[in-house]
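Engineer: Mind looking at a prediction? Sequence and model below.
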Amino acid sequence: MENIEKIRHSLAHLLASAIMESYPKTKLGIGPAVENGFYYDMELPKDFTAEDLSRIEARMRELIKENQDFTGKKVTKIAAKKLFKDQPYKLELIKDIEDKEVGTYQNGAFLDLCKGGHVDNTKEIDPNAFKLTKLAGAYWKGSEKNKMLTRIYGVAFATKQELENYVKMQEEAEKRDHRVLGQKLDLFVFSDLVGPGLPLYTPKGTILRDELAGFSEQLQKEKGFQKVWIPHITKIDLYKTSGHWDKFGDELFLVKSQESSGEFALKPMNCPHHTQIYASKPRSYRELPLRYMETTTCYRDEKTGELSGLTRVRSLTQDDAHIFCTMEQVEQEFENIMEMIKTLYGKLGLEFKARLSFSDPEDPKYLGDKANWKKAEETLERIAKKLGLNYTIATGEAAFYGPKIDIMVIDALGREWQCATEQLDFVQPMRFGLEYAAEDGTKKTPVMIHKALLGTIDRFLGVYIEHTAGNFPLWLAPVQVAVIPISAEKHSEYADKVAKELQGHGLRFEVMAENESLSKKIRQAEMQHVPYLLIIGDKEIQANAVGVRERGKGDLGAMPVEEFLNKVKKEINNKS
RNA sequence: GCCACCUUAGCUCAGCGGCAGAGCAUUGGUAUCGUAAACCAAGGGUCCCGGGUUCAAAUCCCGGAGGUGGCUCCA
């Protein structure tokens, strides 16, 4: 075990020590080390406040300075049950342990049930390199059927400097928060009348969505994907057949017809609809692969507490596609998709790695026979190796109908986000009775591949806003050029002439002709992260030029309008 | 959905039992300005909603909605 992990784990014990001193009736759950720190779950005898938190934190510092030893001791389960007779959660843990003996650790007056992994003495802990950060609720043993305990989180590092770096990083992340930037840059809004988790996109936000979706569609068309269109509601019978009704029935938005019988639902995904286009007529092997794509919105009745900005919404738009093909074609199709993903994320300046999301053989939620699952998972891993993907395997992360290659995007702050996905599905073609006539004249079941390049556009936009901190590349920027006449009176006419040229070349621009100082207009445009500002004054009019200022680079000096147009057109075409 | 906290002008926030406030933004006026905030003035409020306590509630209590951080879930 790494030393920092020992420090974090030891701090969890010290947290419990300090708590037990103040509130001896507290029932302790578990207290492990986690990424960047530690936590302890407990049932406290009183409501805990932020002031209590800082008091406990101060007490922990004192305990550290006492240079307490951590001493481990194995005891029999019977002895342990006596030691922890007032701790019902610990007793439950002891019951679950299969060995005859269990580990205990003592520091100061506090004894905890624990299998070890501590520092030898608290003097190894820097009292200024940790902080209690927040109070949260957490279900006992992670199951929502169990009681909710209070979880106290702390962050901890080996040195004060590392803690300060971490805090700085958090502050940077806060500044980039897409919910904050979404408002500052006027990209999307929410309305209490429309409802939670239902973002409304402003004209500027819609440009971003359209440009991203357009790029994705362009890549797909080049690979032989055909655009289709499906209605956003369906009879629920569709999902009873697909298997989604059983898995996700309680997360469907139900729609009631007042004119006919039968229940309807807003579509929470598109694959079942797409199967019905495939199933509309007899298919031959000669038609395969059939690739249906669509940028379309789905609706999921997510629990309100799970909603968050654009990253978790109730109306989500996917650049979705479903490929119907033979088993032999699977590999080539996956390669095509991966090629699109590489191009897309390459142009967007995002690193990524792959996660093979496989089934958990112990979990009954996965439909279809085990042999097929095994075959599908082996196929995916073979493809991942062949494509030289940097991948990890995640057991229990598969969809209920098949395993996936999930693409984890790494943003500018090093955080990982699941975006693109490609999934192999043997289950739905079977359940919908899909067929094609094979070369030998027999009827065979096609394989289905689900793919999304951006994933959910809303979510991707949230990630991308934070990745770029709102500094979108020129081809995406809602306003690409701001034309700023120094004097509204004297220079507006020429500014309008320049604007007309920009318009003629399909550029998105704004003329800032308000009666304000040049500095103020530059400040406004810079705060909106406009990539290029064209300053227009007497000098420019005389030289038939524009004064170019580039975002983040400052004044580039004057250049003829023609030269500027060529420069930006090149930049846009290259998506650089 | 569960636990904790939060909600005052378009935005960021102060006020915390006794007259509803500031900065920015908006509108009007003056200045016509060379690379990140000119000056003056005015308008703008269901203090999230509903109920209760009180002579008196933005302020205290209860319920609800929305948000934030977690938990659970994520086709």
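Structural biologist: That came through fine.

Engineer: What does the pLDDT read for A:Arg262?
Structural biologist: One thing to correct before we go on: residue A:262 is Gly, not Arg. pLDDT recorded at A:Gly262 is 86.

Engineer: List the contacts of the closest residue to it other than its chain neighbours.
Structural biologist: Spatial nearest neighbour of A:Gly262, chain neighbours left out: A:Lys235 (5.5 Å); criterion: Cβ to Cβ, 6 or more residues apart in numbering. (C-beta placed from N, C-alpha, C; glycine too.) A:Lys235 sits next to A:262-264 when contact means Cβ atoms under 8 Å, 6 or more residues apart in numbering.

Engineer: nearest spatial neighbour of A:Pro272, skipping sequence neighbours?
Structural biologist: Using Cβ to Cβ, 6+ apart and skipping residues adjacent in sequence, the residue nearest A:Pro272 is A:Ser242, 4.3 Å away.

Engineer: which phi and psi does that neighbour have?
Structural biologist: A:Ser242 has phi and psi values of phi -70, psi -30 when expressed as degrees, to the nearest 10.

Engineer: same question, A:Asp301
Structural biologist: Per degrees, to the nearest 10, the backbone of A:Asp301 is at phi -80, psi 70.

Engineer: Double-check it against A:Phe253; I have them as touching.
Structural biologist: Yes. Under the criterion of Cβ atoms under 8 Å, A:Asp301 makes contact with A:Phe253 at 5.1 Å.

Engineer: A:Leu413 and A:Phe84, how far apart?
Structural biologist: According to Cβ to Cβ, to the nearest Å, A:Leu413 stands 42 Å off from A:Phe84.

Engineer: Mind checking which of these two has more residues around it?
Structural biologist: A direct count of neighbours by other Cβ atoms under 10 Å for A:Leu413 and A:Phe84 places A:Phe84 higher, at 21 against 13.

Engineer: What helix or strand is A:Ser492 located in?
Structural biologist: Using DSSP states H and E, the element containing A:Ser492 is helix A:488-504.

Engineer: Does that helix reach RNA strand B?
Structural biologist: Yes. Under the criterion of Cβ under 7 Å from any atom of the strand, helix A:488-504 makes contact with RNA strand B via A:488-490.

Engineer: okay, and the common contacts of A:Asp301 and A:Phe253?
Structural biologist: Contact criterion Cβ under 8 Å, 6+ apart; residues shared by A:Asp301 and A:Phe253: A:Arg314.

Engineer: what does the model give A:Ala50 for pLDDT?
Structural biologist: pLDDT, A:Ala50: 82.

Engineer: Which positions in stretch A:501-508 come out as buried?
Structural biologist: Across stretch A:501-508, burial judged by 16 or more other Cβ atoms under 10 Å covers A:501-502, A:507-508.

Engineer: and those residues as a markdown table, adding pLDDT?
Structural biologist: Below are these laid out as a markdown table (pLDDT from 0 to 100):
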| residue | pLDDT |
| --- | --- |
| A:Glu501 | 97 |
| A:Leu502 | 97 |
| A:Leu507 | 98 |
| A:Arg508 | 98 |
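
Engineer: from those, which single one is nearest A:Glu466?
Structural biologist: Nearest to A:Glu466 among these is A:Arg508, at 22.5 Å by Cβ to Cβ.

Engineer: which residues does that closest one contact?
Structural biologist: Contacts of A:Arg508 by Cβ under 8 Å, 6+ apart are A:207, A:477-481.

Engineer: now the strands for the stretch 201-350 of chain A?
Structural biologist: In the stretch 201-350 of chain A, the strands defined using DSSP state E, counting those that start in this stretch lie at A:226-227, A:233-235, A:254-256, A:263-266, A:290-299, A:315-325.

Engineer: most neighbours per residue, which of those?
Structural biologist: Among the strands of the stretch 201-350 of chain A, strand A:315-325 has the highest mean neighbour count (mean count of other Cβ atoms under 10 Å), at a mean of 24.

Engineer: Okay, helices next: where are they in the stretch 451-576 of chain A?
Structural biologist: A:457-468, A:488-504, A:518-527, A:538-543, A:561-573 (DSSP state H, counting those that start in this stretch).

Engineer: looking at those, which is buried most?
Structural biologist: helix A:457-468 (a mean of 24).

Engineer: And that one, what does it pack against?
Structural biologist: Using 3 or more Cβ pairs under 8 Å, 6 or more residues apart in numbering; DSSP states H and E, the elements in contact with helix A:457-468 are helix A:160-176, helix A:178-184, helix A:203-222, strand A:315-325, strand A:416-425.

Engineer: mind checking how far the shortest one is from the chain centre?
Structural biologist: Average the C-alpha atoms of helix A:178-184, do the same for its chain, and the two points are 17 Å apart (Cα atoms, centre = their mean, to the nearest Å).

Engineer: Downstream of that helix, the next helix or strand is which one?
Structural biologist: strand A:188-189.

Engineer: what separates that following strand from the chain centre, distance-wise?
Structural biologist: Relative to its parent chain, strand A:188-189 has a centroid offset of 19 Å by Cα atoms, centre = their mean.

Engineer: next one: stretch A:500-518
Structural biologist: Here stretch A:500-518 shows a centroid-to-chain-centroid distance of 36 Å under the convention Cα atoms, centre = their mean.

Engineer: cool, and stretch A:406-415?
Structural biologist: For stretch A:406-415 - counting by Cα atoms, centre = their mean - the centre lies 9 Å from the chain centre.

Engineer: Who does the residue positioned nearest the centre of chain A form a beta bridge with?
Structural biologist: In chain A, the centroid-proximal residue (Cα atoms, centre = their mean) is A:Trp417; its distance is 4.0 Å. When bridges are called by DSSP bridges, A:Trp417 pairs up with A:Val409.

Engineer: Surely it and A:Val463 touch.
Structural biologist: Yes. Because the distance of 4.7 Å satisfies Cβ under 8 Å, A:Trp417 is recorded as touching A:Val463.

Engineer: Now the common contact residues for those two.
Structural biologist: Jointly contacting A:Trp417 and A:Val463 under the rule Cβ under 8 Å, 6+ apart are A:409, A:411.

Engineer: For A:Lys123, grab the count of nearby residues.
Structural biologist: Around A:Lys123 there are 14 residues (other Cβ under 10 Å).

Engineer: quick one: contacts for it?
Structural biologist: A:Lys123 makes contacts with A:64, A:67, as judged by Cβ under 8 Å, 6+ apart.

Engineer: Over to it: give its phi and psi.
Structural biologist: Taking degrees, to the nearest 10, you get phi -70, psi -10 for the backbone angles of A:Lys123.

Engineer: Also the one 4 residues further on?
Structural biologist: Main-chain dihedrals, A:Pro127, degrees, to the nearest 10: phi -60, psi -10.

Engineer: just A:Asp52 next, same as before
Structural biologist: The phi/psi pair for A:Asp52 (degrees, to the nearest 10) is phi -60, psi -40.

Engineer: Any stretches of chain A with poor pLDDT?
Structural biologist: With pLDDT under 70 as the threshold, chain A has no low-confidence stretch at all.

Engineer: Can you give me the domain assignment for it?
Structural biologist: Split into domains by automatic domain parsing, chain A comes to A:3-170, A:182-468, A:481-573.

Engineer: rewinding a little: quick one: which of the strands of the stretch 201-350 of chain A is nearest RNA strand B?
Structural biologist: Each of the strands of the stretch 201-350 of chain A has some distance to RNA strand B by Cβ to the nearest atom of the strand; the shortest is strand A:290-299, at 7.9 Å.
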